[in-house]
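[1] got a sequence here, can you build the structure:
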Amino acid sequence: MLNRLSISTRQALRRLAADASGVSVVEFALVMPFILSIALYGLEVAYMNSVDMKMSEIALSLADNASRIGQTDNSVVTPTVSEADINEVMRGAQEQAAGLDFANRGKIILSSLERDAATGRQYIRWQRCYGRLARQSAYGNDSTRNGLTGTALTGMGSGATKITASANSAVMFVEVYYRHEGLLGDLFLDNPVVRKEGAFLIRDNRNLTPGITGTGGSYRCT
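    A predicted model of the protein is given here:
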């Protein structure tokens, strides 16, 4: 009896060893975590690239829109930049950033870079901000570090050649910061702070002397 059972067991083991019907399932189970990881990593990289591009678009669009302030003004009086104008261009940036929780995770800094007539130095005449992310301009502010006070400002821009304003003109310079959060948190990528810049020369004559006029501004930098 024992001998016959041993023979039957050995035969069953041989059949099991020769059975390849489940090999593909086992192989798939082994490689599935690796394939899934690659797919999810690619998804995270693609999402981060799309956010990076969106921040670049916001910086350029805001600088462009700010440079056009007063362009359609048919008054004989040279237009100024008003708080209402700033409110409008900032609302446009908010629409572009819809769905990204930019108010809490981002910061926009719009600066008017100008040339001081008396000294010829570059300086920031005014600055407006949007977003609660704790960031300041990499170049200065419109009070204690505007280029006339504090360290001299050679220009703005992260490139080797700085952007400067000409006499009686201004450059609308935008800095955008955004703390990116991945679809899967920081499982594959650290959540970096994306930083983008945009700059446009003002398009038409503008009365620069008073800075920003009017009341009701909602975007003073803090």
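
[2] A84 and G216 touch, don't they?
    Yes - using CB atoms under 8 Å, A84 makes contact with G216 at a distance of 6.5 Å. In short, each C-beta sits where N, CA and C put it, glycine included.

[3] so those two - more neighbours on which side?
    Higher neighbour count among A84 and G216: A84, with 14 against 9, using other CB atoms under 10 Å.

[4] for the more buried one, pull up the helix or strand it's in.
    Using DSSP states H and E, the element containing A84 is helix 83-96.

[5] burial of G140, as a residue count?
    G140 has 24 neighbouring residues, counting by other CB under 10 Å.

[6] from T222, how far out is F188?
    Here the distance between F188 and T222 works out to 34 Å (CB to CB, to the nearest Å).

[7] of these two, who's got more company?
    F188 (16 against 5).

[8] please name the nearest non-neighbouring residue to the residue nearest the centre of the chain.
    Central residue of the chain (CA atoms, centre = their mean): M55, 3.3 Å from the mean position. Distances taken as CB to CB, 6 or more residues apart in numbering place K196 nearest to M55, at 4.5 Å, with adjacent residues excluded.

[9] got a list of what the one you found touches?
    K196 makes contact with 52, 55-56, 58-59, 175-176 under the criterion CB atoms under 8 Å, 6 or more residues apart in numbering.

[10] surely the residue nearest to the centre of the chain touches E197?
    No - between M55 and E197 there is no contact under CB under 8 Å: 10.0 Å.

[11] show me where the protein has its helices.
    Along the chain, the segments classed as helices by DSSP state H run 2-18, 23-67, 83-96, 102-105.

[12] out of those helices, nearest to R128?
    For those, the distance to R128 is smallest for helix 83-96, at 5.2 Å, taking CB to CB.

[13] in that closest one, what counts as buried?
    83, 85-87, 89-90, 93 (16 or more other CB atoms under 10 Å).
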